[in-house]
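Peer 1: Got a sequence here, can you model it:
(chains A and B)
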Amino acid sequence: MEYFLQQLINGLTLGAIYGLIAIGYTMVYGIIGMINFAHGEVYMIGAFISLITFLLLGALGITWLPLALLIVLISAMFFTAVYGWTLERIAYRPLRGSPRLTALISAIGMSIFLQNYVQILQGARVKSLPPVLPGGFTLMGHESFAVQISYLQIGIMLLTVTLMAAFSLLISRTPMGRAQRACEQDMKMAALVGIDVDRTISTTFVIGAALAAVAGMMVTLYYGVIDFYIGFLAGIKAFTAAVLGGIGSLPGAMLGGVLIGLIEVFWSAYFTIEYKDVAAFSILVLVLIFRPTGLLGRPEAEKV
Amino acid sequence: MTDTGSRRETALLSVEHLTMRFGGLIAVDDISFSADDRRITAIIGPNGAGKTTVFNCLTGFYKPTIGRLTLHHPQHGPMLLEQMEGFRIPQRAGVARTFQNIRLFGSMSVLENLIVAQHNRLMRASWFSIGGLLGFAPYRKAECEAVGLARYWLDKVGLLERADWQASSLPYGDQRRLEIARAMCIRPVLLCLDEPAAGLNPRESAALNELLLSIRDDHRIGILLIEHDMSVVMQISEHIVVLDYGRKIAEGPPSHVRSDPAVIKAYLGEEEDDELPPEIAEDLAHDATDDG
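Peer 2: Purely as a prediction, here's the structure:
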């Protein structure tokens, strides 16, 4: 029981991170019908920017933790959003209106480019960050096994829930969200009611990148090690999460993220840790075979 | 222009030498006409005459090969539509349009369809949505106004009690009216309607006539109308432009167009026995005496 509870906590934490990345996939798919395979790299860049900002703040002597975390969060979101915007501007916008495959190849190209870009700039070695926020609560337990929830895990879950709530509100209640849903359904008609479609698509990329940056920052703090290649696996898993939840559906992406996180953690805990990725990707295969629209997706109906 | 009369010098919309080529095909060939505010201008013509192409040029779907499309906005002054980015045409110039095949945002509610049409106003009021997220007072106020305008138009087209329906679940006639309501929520100065009466029953068609006349008179905007239903065109339009094979073959008030031989030849032929070209009338008369 204690063991199960501990794994549940770990799984939810991991799932929150996947969910944040998955939103970027699902939003971009919703609005331009394309899988942005460079999104995993955007998340990786978010992780690097967090790390760099942390080290910079340390060098500047800003060590009061809440302030430092806030600055890291804001700078990671901001700079990664700039990357997201640039990505759309140079790799996808010129290809608007061309076949989907063209944009997909461009996405894969950008993914490879960004990996190598970071590898050259930052080096190929694994970067590490000493634990920033140690400690936590012991929920229950005895001599042999204690269920622990660290402050960091609480922080990750709280931040994720807050961001997702704000984001859902943004999509459902604000003009920008309405514009996004309108563009999704009929871009030409959206332009005819005066919506700037190009700007709306850019905003989608910016928001997706900012959320991925938060995920990147969380991973940096949680695991303490990053390298230029983390975006690949995390990206594919978040993509799996988006497909599992129903690509194009926002609640689906969040649910899918949590499910993938849980599956991965429970598989490693009860079966073999070596095969945790196999378990996660088997889900992708099974979903594509038996329920291609995902858990919350509706066939060709409302996306996002 | 046949009856400019007492109207002001500049028309609301003036189309000059509009030509649209698609490769070797000339869809619209050197058309000039103008449309005034507080008037209904109809564009008629057989299928493939280039009517919808004219609309597509006006609303930025196509960039005309040749020609100038000037809109004299009462507040913003003259604007060249052919040089504007697509989304600026409704936003700045105030040109709204509906489609032959209805294009609503199907999975949004009826009310939301009308709120989306007021996007730019709300976007400004909400500081690009950030204010909306935090619940700023100016945004709340703007949203109230937007809902107010939407309710006004829902009431006007008789859809108020269906405001929460999903747009795609509305019956066909309601969807048509909702599309007009959405176009009006842009607060346009020129409303372009592409076959608004298509698929409507006679009762709905009569209600549509009333709606269009009320839009013209109460809201003082210009209406540009493509229509096949002659009862609609002849009853409500003040000015008719007739196209055939991409060319303008006649222009004028309904009474004038109705009796124009070129129009009858291209379009109204069979219905107007008494207005047949003389040689055909003669032939017919000859046949009749033969039989008798």
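Peer 1: C-alpha from now on. contacts and neighbour counts both.
Peer 2: Noted.
Peer 1: Any idea how many residues pack against the closest residue to residue B:206 other than its chain neighbours?
Peer 2: What sits nearest to residue B:206 in space, not counting adjacent residues and going by CA to CA, 6 or more residues apart in numbering or on different chains, is residue B:232, at 8.0 Å. Residues near residue B:232, counting by other CA atoms under 10 Å in any protein chain shown, number 18.
Peer 1: Could I get the contacting residues of residue B:232?
Peer 2: B:197, B:205-206, B:209 (CA atoms under 8 Å, 6 or more residues apart in numbering or on different chains).
Peer 1: pLDDT wise, what is it at?
Peer 2: We have a pLDDT of 77 for residue B:232.
Peer 1: Which helix or which strand is home to it?
Peer 2: helix B:230-236 (DSSP states H and E).
Peer 1: Pull that helix out as CSV, backbone CA atoms only.
Peer 2: C-alpha atoms of helix B:230-236 as CSV (Å, rounded to 0.1, in the frame of the first residue of the first chain):
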residue,chain,number,x,y,z
MET,B,230,-35.7,37.0,-58.7
SER,B,231,-38.5,37.7,-56.3
VAL,B,232,-35.9,38.8,-53.7
VAL,B,233,-33.8,40.8,-56.3
MET,B,234,-36.7,42.6,-57.9
GLN,B,235,-38.5,43.4,-54.7
ILE,B,236,-35.8,44.8,-52.6
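Peer 1: Quick check: next helix or strand after that helix?
Peer 2: Following helix B:230-236 in sequence order, the next helix or strand is strand B:239-244 (DSSP H and E).
Peer 1: centre of the chain versus that next one, how much separation?
Peer 2: The chain centre lies 13 Å from the centre of strand B:239-244; the measure is CA atoms, centre = their mean, to the nearest Å.
Peer 1: and the next element down the chain from it?
Peer 2: Toward the C-terminus, strand B:239-244 is succeeded by strand B:247-252 as the next helix or strand (DSSP H and E).
Peer 1: Does residue A:20 touch residue A:211 like I think?
Peer 2: Yes - here residue A:20 reaches residue A:211: they are 5.7 Å apart, a contact under CA atoms under 8 Å.
Peer 1: Am I right that residue A:293 falls within a helix?
Peer 2: No - residue state for residue A:293 (DSSP: H, G, I helix; E, B strand; the rest coil) corresponds to coil; a helix is not indicated.
Peer 1: Now it. Nearest residue, chain neighbours left out?
Peer 2: Of all residues not flanking residue A:293 in the chain, residue A:246 sits nearest, at 5.3 Å (CA to CA, 6+ apart).
Peer 1: Any figure for the gap between the one you found and residue A:278?
Peer 2: Distance, residue A:246 to residue A:278, by CA to CA, to the nearest Å: 20 Å.
Peer 1: between those two, which one's more packed in?
Peer 2: Shown here are residue A:246 and residue A:278; by other CA under 10 Å, residue A:246 has more neighbours (28 against 13).
Peer 1: so who does the more buried one touch?
Peer 2: By CA under 8 Å, 6+ apart, residue A:246 lies in contact with A:252-253, A:292-298.
Peer 1: again, only using 6 Å
Peer 2: A:252, A:293-297 (CA atoms under 6 Å, 6 or more residues apart in numbering or on different chains).
Peer 1: List the beta-bridge partners for residue B:166.
Peer 2: residue B:109 (DSSP bridges).
Peer 1: check contacts around the residue nearest the centre of chain A.
Peer 2: With distances taken as CA atoms, centre = their mean, the residue of chain A nearest its centroid is residue A:21 (1.2 Å). Residue A:21 sits next to A:212, A:238 when contact means CA under 6 Å, 6+ apart.
Peer 1: before we move on, what about the one 5 residues further on?
Peer 2: Residues in contact with residue A:26, defined by CA under 6 Å, 6+ apart, are A:247-248.
Peer 1: before we move on, what SS does it have?
Peer 2: Under the three-state scheme (three-state DSSP), residue A:26 adopts helix.
Peer 1: Compute the distance between it and residue A:246, please.
Peer 2: For residue A:26, the distance to residue A:246 equals 8 Å [CA to CA].
Peer 1: What is the three-state secondary structure of residue B:16?
Peer 2: Here residue B:16 is recorded as strand under three-state DSSP.
Peer 1: For the chain, which segments are assigned as helices?
Peer 2: Assuming you mean chain A. With DSSP state H as the criterion, chain A has helices at A:2-32, A:39-60, A:65-87, A:100-122, A:151-173, A:175-185, A:187-192, A:197-223, A:230-245, A:250-270, A:276-290.
Peer 1: please go with chain B instead
Peer 2: Taking DSSP H as the test, the helices found in chain B are B:51-58, B:88, B:110-116, B:119-125, B:130-134, B:137-156, B:172-185, B:202-219, B:230-236, B:254-258, B:261-263, B:278-291.
Peer 1: in stretch B:148-159, what counts as buried?
Peer 2: Residues B:149-151, B:153-154, B:157, B:159 are the ones in stretch B:148-159 that count as buried (16 or more other CA atoms under 10 Å in any protein chain shown).
Peer 1: So what touches it?
Peer 2: Stretch B:148-159 has contacts (CA under 6 Å, 6+ apart) with B:114, B:160, B:181.
Peer 1: which among these gets closest to residue A:269?
Peer 2: For these, the closest approach to residue A:269 (CA to CA) belongs to residue B:114, at 52.1 Å.
Peer 1: picking up where we left off before, any idea which of the helices of chain B is most buried?
Peer 2: helix B:110-116 (a mean of 26; mean count of other CA atoms under 10 Å in any protein chain shown).
Peer 1: that older thread, considering only the contacts of stretch B:148-159, which also neighbour chain A?
Peer 2: Checked against chain A using CA under 6 Å from any CA of the partner chain, the contacts of stretch B:148-159 yield no neighbours at all.
Peer 1: Compile those residues into a markdown table and extend it with columns for pLDDT.
Peer 2: Output for the contacts of stretch B:148-159, formatted as a markdown table (pLDDT from 0 to 100):
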| residue | pLDDT |
| --- | --- |
| B:114 | 88 |
| B:160 | 82 |
| B:181 | 89 |
